[in-house]
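Visitor: return atomic coordinates for the entry below.
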Amino acid sequence: MEITTYLNDRPYRILDMGEGGCYLFIVSTVNNEPLKELEWIPHIEKSRTVIMDLSLAWNAPIETLTQKHLMQISSDIHLLVDIYWLEEVCINLQQGNAFLYGHLKKALNERFIE
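Guide: Predicted coordinates:
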């Protein structure tokens, strides 16, 4: 089920489905398309897939955001990982961003799986 939740007072659309090892996909959609219909996200057997849409909170492509904004996104993702009690998570960014990826790896420490 897709929900809208607020993390650090910023709105995000979240879709959580499946059970098992967790894959967190960070996306930014256009026109609020249903997260379940995103074609590029693979269906991984026996896994939990969480999709987090940044578009409501940021309304801009990740590559155009400042480092300050990326740090805020990292904080929001860290909070989501805590709320969902994810002990290990593999994070996939729709639009690669080395700064955000590195910051998440450092912030999540042993919970971050490559």
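
Visitor: parallel or antiparallel, which strands does the longest strand that the chain contains pair with?
Guide: When the chain is parsed with DSSP state E, its longest strand is strand 10-18. Using DSSP bridges, the strands paired with strand 10-18 in its sheet are strand 2-7 (antiparallel), strand 47-53 (antiparallel).

Visitor: ok, and what's touching stretch 80-90?
Guide: Stretch 80-90 is contacted by residues 7, 12, 14, 16, 21-24, 50, 52, 108, 111-114 when judged by Cβ atoms under 8 Å, 6 or more residues apart in numbering. C-betas here are computed from N, CA, C, even on glycine.

Visitor: at 10 Å instead, please
Guide: The set of residues external to stretch 80-90 that reach it, using Cβ atoms under 10 Å, 6 or more residues apart in numbering, is 5, 7, 12, 14, 16, 21-26, 44, 47-48, 50, 52, 77, 91, 104, 107-108, 110-114.

Visitor: on that earlier part again, centre of the chain to the longest strand of the chain, how far?
Guide: Distance of strand 10-18 from its chain centroid, counting by Cα atoms, centre = their mean, to the nearest Å, is 8 Å.

Visitor: helix or strand right after that strand?
Guide: strand 21-27 (DSSP states H and E).

Visitor: please name every helix or strand in contact with that next one.
Guide: When contacts are defined as 3 or more Cβ pairs under 10 Å, 6 or more residues apart in numbering; DSSP states H and E, strand 21-27 packs onto strand 10-18, strand 47-53, helix 67-83, strand 89-93, helix 98-108, strand 112-113.
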